[in-house]
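A.B. asks: below are the sequence and a predicted model for it; my questions follow.
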Amino acid sequence: MMDPPHSPVADVTSTVLHNLQDQHDWTSLQVHAPAGGRPLIRGLPPRRLYTHPDDQIAALAHEQATGEPVLQDPEDEWVLAVHPEEKWTLGGFAGVFDSIHHSGPRAKRIILATVHNDSTVVYYLMHEGMVKPRQN
């Protein structure tokens, strides 16, 4: 007897979930599947993934003045698993951002996890709206 077929969305979501857990040491991973919406993974990375440019400037000034780096705790992140053959539009991404419950001062962001046919996963940060560029 054969296993029932899985949906492609469930397969890429599962691949990303296991990649985050096994290869990138994320914890508290959960899949959230809003009614009629795209499933999103929520979890805690081992270190902070993104620092807002204003916070980055303040942290560099603090480190220069004191010689001590500013310790930044990791933040829970939302992850959207996709496959390159999917056709996404701005409206589709806007729908994903709209499905995220948001509180706090930071802008909404997701980690876009692209799963390729060889199971390679590439991660990109996506922000809702415009974000000030980082200082290098």
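C.D. replies: Nice, thanks for sending it over.

A.B. asks: so the residue most central in space within the chain, which state does it fall into?
C.D. replies: Closest to where the C-alpha atoms of the chain average out (CA atoms, centre = their mean) is Ile111, at 2.2 Å. Here Ile111 is recorded as strand under DSSP: H, G, I helix; E, B strand; the rest coil.

A.B. asks: show me where the chain has its helices.
C.D. replies: Secondary structure of the chain (DSSP state H): helices at 8-23, 53-66, 90-99.

A.B. asks: residues contacting the last one, please?
C.D. replies: Looking back up the chat, that one is helix 90-99. 34, 37-38, 40, 80, 108, 110, 126, 128 (CB atoms under 8 Å, 6 or more residues apart in numbering). (C-beta placed from N, C-alpha, C; glycine too.)

A.B. asks: which residue in the residues you listed has the weakest pLDDT?
C.D. replies: Comparing pLDDT over those, the lowest score belongs to Pro34 (75).

A.B. asks: list the buried residues in the lowest-mean-pLDDT helix or strand in the chain.
C.D. replies: Within the chain, no helix or strand scores below helix 53-66, which has a mean of 82 by mean pLDDT, DSSP states H and E. Residues Gln56 are the ones in helix 53-66 that count as buried (16 or more other CB atoms under 10 Å).

A.B. asks: now that helix: how far from the chain's centre is it?
C.D. replies: Remark: helix 53-66 is offset 25 Å from the chain centroid, using CA atoms, centre = their mean, to the nearest Å.

A.B. asks: distance of the residue nearest to the centre of the chain from Glu63?
C.D. replies: Using CB to CB, to the nearest Å, we find Ile111 at a distance of 26 Å from Glu63.

A.B. asks: and Asp76, by the same measure?
C.D. replies: 25 Å.
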